[in-house]
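A.B. asks: Fold the following, please.
(one chain, ligands or ions: 2)
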Amino acid sequence: MKTTTSQHLLNIEAVTLSPENPYTWSSGMKSPIYCDNRLIIAYPEIRKQVAGELSALIEKHYPEADLIAGTATAGIPHAAFVADQMELPMCYVRSSAKAHGKTNQIEGLTDKSKKAVVVEDLISTGKSSIQSVLALREAGIEVLGVVAIFSYGLKKADVALGELDISFQTVTNFSTLIEEAQESGKISEQGLSLLKEWQQDPEHWGAASFSK
Ligand SMILES: O=P(O)(O)OC[C@H]1O[C@H](OP(=O)(O)OP(=O)(O)O)[C@H](O)[C@@H]1O
Ligand SMILES: O=C(O)c1cc(=O)[nH]c(=O)[nH]1
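C.D. replies: Numbers count the residues shown, from 1 in each chain. Ligands and ions are numbered 1, 2, ... in the order given. Reported below is the predicted structural model:
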């Protein structure tokens, strides 16, 4: 049976828990869990599988795509693997324009008539994906949607992306990860109950635990 992307993330310890010393996400949220998709690039077979799954999502949901746009920085290598597999042009989007050189925010863009799909490694609040989509739209590029390896399934992301009419698809997500962790025993019972508690109200989880 094929090892799923969530199983790979657990096996390579891309998913880690640190309830006592929570992670700070890029949004500033405090979280007991971190999913480090950057580790995938160290495993040629896994990165190929993940790129294949991202490519399949693009072919299924955004068949007209003719440009792959990676988000800086963690989305860039995965965008490159996808663009390579699909034999499509690629660009990448910085979180802000460069302060020197050509002062570009988007690198590698040669043709503004393209229809892009943004490749993101992970969606928490959706902020990074949104920034990339807006930068591309601002540059006159039509964006068909976003594909990401993993999403936490936070309501905040659904709302923020929905408000801007941004379609997105992910290879795997928090619920699948938890199911597979439960089956494989890769996360302890204690860890699983912590994550289920966290999932009830992720935005206030940190505040609640710090006020104890
Ligand atoms: O949905 P969001 O709330 O925006 O969070 C997800 C983003 O956060 C991480 O990037 P990070 O800012 O850590 O930078 P990096 O990609 O340069 O590692 C991750 O790679 C996503 O891009
Ligand atoms: O929101 C983030 O910054 C974030 C969360 C996570 O689990 N992994 C990651 O790379 N970034």
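A.B. asks: count of neighbours near the closest residue to N104 other than its chain neighbours?
C.D. replies: Once flanking residues are discounted, N104 sits nearest to K98: 5.7 Å by C-beta to C-beta, 6 or more residues apart in numbering. Glycine gets a C-beta too; all of them are placed from N, C-alpha and C. The number of residues packed near K98 is 11, by other C-beta atoms under 10 Å.
A.B. asks: which one is the residue sitting nearest the centre point of the chain nearest to, not counting chain neighbours?
C.D. replies: Central residue of the chain (C-alpha atoms, centre = their mean): L122, 1.6 Å from the mean position. Among residues not flanking L122 along the chain, F150 sits closest, at 4.8 Å (C-beta to C-beta, 6+ apart).
A.B. asks: which residues does the one you found contact?
C.D. replies: 5, 9, 35, 37, 121-123, 170-174, 177 (C-beta atoms under 8 Å, 6 or more residues apart in numbering).
A.B. asks: from those residues, which is closest to ligand 2?
C.D. replies: Of all the contacts of F150, ligand 2 sits closest to C35, with 3.8 Å by C-beta to the nearest ligand atom.
A.B. asks: Is the residue nearest to N104 in a helix, a strand, or coil?
C.D. replies: Here K98 is coil, with the state taken from DSSP: H, G, I helix; E, B strand; the rest coil.
A.B. asks: Hmm, I106 and it touching each other?
C.D. replies: No. Contact criterion C-beta atoms under 8 Å: K98 and I106 do not qualify, at 10.3 Å.
A.B. asks: Helices along this structure, start to end?
C.D. replies: 5-11, 44-61, 75-86, 127-138, 155-163, 174-184, 189-200, 202-210 (DSSP state H).
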